[in-house]
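Engineer: What follows is a protein structure lacking sequence information:
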């Protein structure tokens, strides 16, 4: 079969080109194939990264391309790392990141565990649960803005019904204390199905005979859960946390649609703040330094996380 | 503990990666903690040192 494909490919190669590559080694042919990919990778990924590093040491402003670009050393980094407003956006990001990860892992794992039980309508429920994940973040942001409305919002009415309070007595988006929680709720609602799907894949990969052996050894359900289910799903769960952690660290669209970073700057995550610095204030050098700080943070975290993931997989 | 220190002195990957990971984690905690501005100021250099160290020590022998 493979030989047939090779022969057909050889026959369909134009004669002048075939003559040219006839004397080339396998290594040279491999280089011919991967060179375009390397060039595109260098142009699209590596060059912008190096250029951003260089810009972070300058006072460059993209809206003044003809102005003199001065080398200002570490001054951009110094300004960012002593700015208490940016420190607050880092704290807002940490709040968002930690709570979304905790809630998504707990609820996602619980849903996966429930869906994994055999019951009628199993597939239908899976489809219904997965629906939020398929929506556009802009659409989700918009319709949750309506749900959070104090006068007409369904969220306020349901919450007020459950707590026997007045639905207009609180505003999820307008209140300084509640706004950070409003974005946590929406992100959890939207992305828990993703964690659930990954956990479900992990749960379905556990062979039944392991549980049967545990039953023979008279292990309780609780013990089976902690000594079989959790350790075997852990690599999948860690992958889900890695994906969601990186995504949420650079969360932008959903929060912009929902709160726009407000009230004040209580929900202004680092990505929103970075966009303001780069494309509203046009401080390109400054925002490049900001981006490098975020890049190093995510890269460092991802490195130790991948190491931990490999260790868990080796067990 | 003595094995950890011995491997550290012999430039083995495991303990050095552990040290680098702790430095990165400390840097990220300092970046996002809400307590001391001083910690935030020095968070980046600590994360950077940890990350570069991690890249280097991950090439040490096992």
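Structural biologist: Sure, I can see it. Everything numeric here is computed off the predicted structure, so don't read it as measured data. Numbers count the residues shown, from 1 in each chain, chains lettered A, B, ... in the order given.
Engineer: distance of residue A:236 from chain B?
Structural biologist: 22 Å (CB to the nearest CB, to the nearest Å). C-betas here are computed from N, CA, C, even on glycine.
Engineer: what residues are up against that residue?
Structural biologist: Neighbouring residues of residue A:236 by CB atoms under 8 Å, 6 or more residues apart in numbering or on different chains: A:198, A:199, A:201, A:202, A:205.
Engineer: how far out from the middle of the chain is stretch A:140-148?
Structural biologist: 21 Å (CA atoms, centre = their mean, to the nearest Å).
Engineer: Which is the succeeding secondary structure element to the helix or strand that contains residue A:222?
Structural biologist: Element membership for residue A:222 (DSSP states H and E) is helix A:221-224. Next in sequence after helix A:221-224, counting helices and strands by DSSP H and E, comes helix A:230-249.
Engineer: quick one: buried residues of that following helix?
Structural biologist: A:232-233, A:235-242, A:244-245, A:248-249 (16 or more other CB atoms under 10 Å in any protein chain shown).
Engineer: Then stretch A:67-78?
Structural biologist: Buried, per 16+ other CB under 10 Å, within stretch A:67-78: A:72, A:75, A:76, A:77.
Engineer: Chain B contacts on chain A?
Structural biologist: Contact residues (CB under 8 Å from any CB of the partner chain) of chain A with chain B: A:77, A:81-82, A:84, A:87, A:90-91, A:93-94, A:293, A:296-297, A:299-301, A:303-304, A:307.
Engineer: Identify the residues contacting whichever residue of the stretch 101-250 of chain A sits closest to chain B.
Structural biologist: The nearest approach of the stretch 101-250 of chain A to chain B comes at residue A:249, 10.4 Å away (CB to the nearest CB). By CB under 8 Å, 6+ apart, the contact set of residue A:249 is A:93, A:97, A:270, A:294, A:297, A:298.
Engineer: swap the cut-off to 6 Å and go again
Structural biologist: Shown in contact with residue A:249 (CB atoms under 6 Å, 6 or more residues apart in numbering or on different chains): residue A:298.
Engineer: now residue A:181
Structural biologist: Contacts of residue A:181 by CB under 6 Å, 6+ apart: none found.
Engineer: which SS class is it?
Structural biologist: Following DSSP: H, G, I helix; E, B strand; the rest coil, we place residue A:181 in the helix state.
Engineer: From residue A:174, how far out is it?
Structural biologist: Distance, residue A:181 to residue A:174, using CB to CB, to the nearest Å: 13 Å.
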